[in-house]
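Asks: Pasting the sequence and the predicted model now:
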Amino acid sequence: MNGAQSLIRTLVDSGVDVCFSNPGTSEMHFVAALDTVPEMRGVLGLFEGVVTGAADGYARIADKPAATLLHLGPGLGNGLANLHNARRAHTPIVNVIGDHATYHKQYDAPLESDIEAVAGSLEGWVRRSEHTKDVGADAAAAVAAAQDAPGRIATLILPADASWGEGGQPCAPIPPRIPQTVDATTVKNIAEVLARGEPVALLVGGGGCREAGLRATSRIAAATGVEAFVETFPSRLERGEGLPTIERLGYLAEQVAYQLDGIKHVIVAGTKAPVSFFAYPGKASNLVPEGAQVHVLAEVGQDVPRALNDIADLVAAETEPVLQEATRPALPSGPLTPQNWVEVIGALLPERAIIADEANTSGLLLPAATAGAPRHDVLTLTGGAIGYGMPVATGAAVAAPDRPVINLQSDGSALYTISALWTQARENLNVTTVLLNNRAYAILRLELQRVGADANGPKANELLDLSRPDMDFVKIAEGLGVPATRATTAEELAGQFQRALAEPGPHLIDAIVPTLF
């Protein structure tokens, strides 16, 4: 057994049985070893940002890590943006980064780089396997490190000679560290804050955005009058009929100021106190109301649902959660608008859907339109690095082949990683992409105004415009192997969306929706 074979066998035995890959020369023995460990599924992405984003989406739905296979430092660098999003989502991922053979590094070949430095920016776990005999043990350690609560990115650097060398030894799985329980004193202190009768906001993130945490949060809010919010960009939010509907904290600082107006205490559970996404001239970066106190119920790596339930049992013992009733918007008619396209999705969203949401400015009204739809999961842009939606949808579909995946995708962000469509076609994944086409970086038009810059210059506006030439997303999708249609009216979108959901495999709908800004 060589090192690559011991690595893959150890990954599979540790529960990691999918590897999203874009390999190069230094990874060829890993590629060959895939045929000796048939339990490992290899999925090819044409760009490393698709590979890393797919691993993120897979783990958010599967609740276990996938592996990536990337080529040296440049391959890792190409995948870094979606690894940044995964880091912010606390997603467990095992990166396998091929490197030059140990004896070759002294020659400073063209692809030589400081892989540790790039991987270190992800604030995760990094190790280099120097010897073939250690590869299996290092792989087991990487899987355990990735799953240490609340989840992180583990990067294993695999020199080519450690990969091809004989004497590989698989290693048994290593148990990861489980989330710590919040101590009883903290729970008691938070309950006392809630009992004071002063205005309180409860901000929930991480595992608190799943059913158990949401139900406990709803009980607390119903019993105490606390204003409950979910963090702005949850990694995975369960919502819909039969679950509590908890409002998300706004993206814009002005929205947050309105939501938290008059609040004297902010309790955080599984997330951090709110800050502005960016700095703006003359505006505060800290969005906690002036004079309000911040109280930590549960750190990000602690058992957030249990902490919320412990609080609920103290302050809301006789209170049931408020559950969302089944409601659907009526199917709209007429030309597509930022208001009515979300009503189409809300009216037709299928059971157990997974929404990969990168609609950006076009999707501001989406939460209201889908609140009473059948139960579904929403994956959001946790780190703000655009180009996440198509890859995350791809990974989610690999993780849950029996569930419909809906990628609500802005046009500008799509272009970063649109080659994910090819992977969807190759793997016959059940992904329906609704591409919101306003031919602009609309969010940047808004930000140009909000930062106080002169928004009237022709050169400035040229950099935010995606027309001249207009891109034909139908032809692009078809060229990548995905059937595609174009919708300009609500009726067309509804018909095309229904047909896409009814047919197996991926589809793309180019929805022509005017910009809000």
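Replies: Looks like it came in fine.
Asks: where does the stretch 201-350 of the chain dip in pLDDT?
Replies: Within the stretch 201-350 of the chain, not a single segment meets pLDDT under 70.
Asks: Now do the helices in it.
Replies: Taking DSSP state H, counting those that start in this stretch, the helices of the stretch 201-350 of the chain run over residues 211-224, 253-259, 304-315, 341-348.
Asks: Sort out which residues of the longest one are buried, please.
Replies: In this case it means helix 211-224. For helix 211-224, the neighbour count (16 or more other Cβ atoms under 10 Å) marks 213, 214, 215, 216, 217, 218, 219, 220, 221, 222, 223, 224 as buried. C-beta: built from backbone N, CA, C; applies to glycine.
Asks: Find the nearest non-adjacent residue to residue 139, please.
Replies: Setting aside the residues directly before and after it, residue 139 is nearest to residue 10 in space (Cβ to Cβ, 6 or more residues apart in numbering), at 4.1 Å.
Asks: Likewise for residue 444?
Replies: Distances taken as Cβ to Cβ, 6+ apart put residue 464 closest to residue 444, at 4.9 Å, once the chain neighbours are dropped.
Asks: Next, the contact list for residue 205, please.
Replies: 230, 231, 234, 268, 269, 270, 271, 272, 300, 304 (Cβ atoms under 8 Å, 6 or more residues apart in numbering).
Asks: Identify the bridge partners of the fourth one.
Replies: It refers to residue 268. Judged by DSSP bridges, the bridge partners of residue 268 are residue 203, residue 296.
Asks: Could you shift the numbering so residue one becomes 704, and keep it that way?
Replies: Okay, using 704 as the starting number, the last item reads as residue 971.
Asks: Now do it against residue 1091, distance only.
Replies: Note on residue 971: its distance to residue 1091, by Cβ to Cβ, to the nearest Å, is 24 Å.
Asks: Neighbour count: these two, which is higher?
Replies: residue 1091 (32 against 24; other Cβ atoms under 10 Å).
Asks: Isn't that one up against residue 1112?
Replies: No. Using Cβ atoms under 8 Å, residue 1091 is not in contact with residue 1112, being 9.8 Å away.
Asks: Mutual contacts of these two, please.
Replies: In contact with both residue 1091 and residue 1112: 1059, 1061, using Cβ under 8 Å, 6+ apart.
Asks: quick one on the thing from earlier: run a quick neighbour tally on the residue nearest to residue 842.
Replies: There are 27 residues near residue 713, going by other Cβ under 10 Å.
Asks: I'd like to check which residues are in contact with it.
Replies: 838, 839, 840, 842, 843, 846, 873, 874.
Asks: Quick check: mean pLDDT of stretch 1091-1098?
Replies: Stretch 1091-1098 shows a mean pLDDT of 98.
Asks: To clarify, my last question referred to stretch 796-811.
Replies: Here the average pLDDT along stretch 796-811 is 97.
Asks: can you give me the end-to-end distance of it?
Replies: 29 Å (Cα to Cα, to the nearest Å).
Asks: In it, which of the residues would be classed as buried?
Replies: For stretch 796-811, by 16+ other Cβ under 10 Å, it's 796, 797, 798, 799, 800, 801, 802, 803, 805.
Asks: Any idea what the third one is bridged to?
Replies: Applying DSSP bridges to residue 798 gives these bridge partners: residue 771, residue 858.
Asks: Contact partners for residue 1005?
Replies: Counting by Cβ under 8 Å, 6+ apart, residue 1005 has contacts 852, 882, 883, 884, 885, 973.
Asks: And for residue 1076?
Replies: By Cβ under 8 Å, 6+ apart, the neighbours of residue 1076 are 943, 944, 1031, 1049, 1052, 1056.
Asks: about what we covered before: ok, now how distant is the residue nearest to residue 842 from residue 886?
Replies: Distance from residue 713 to residue 886, by Cβ to Cβ: 36 Å.
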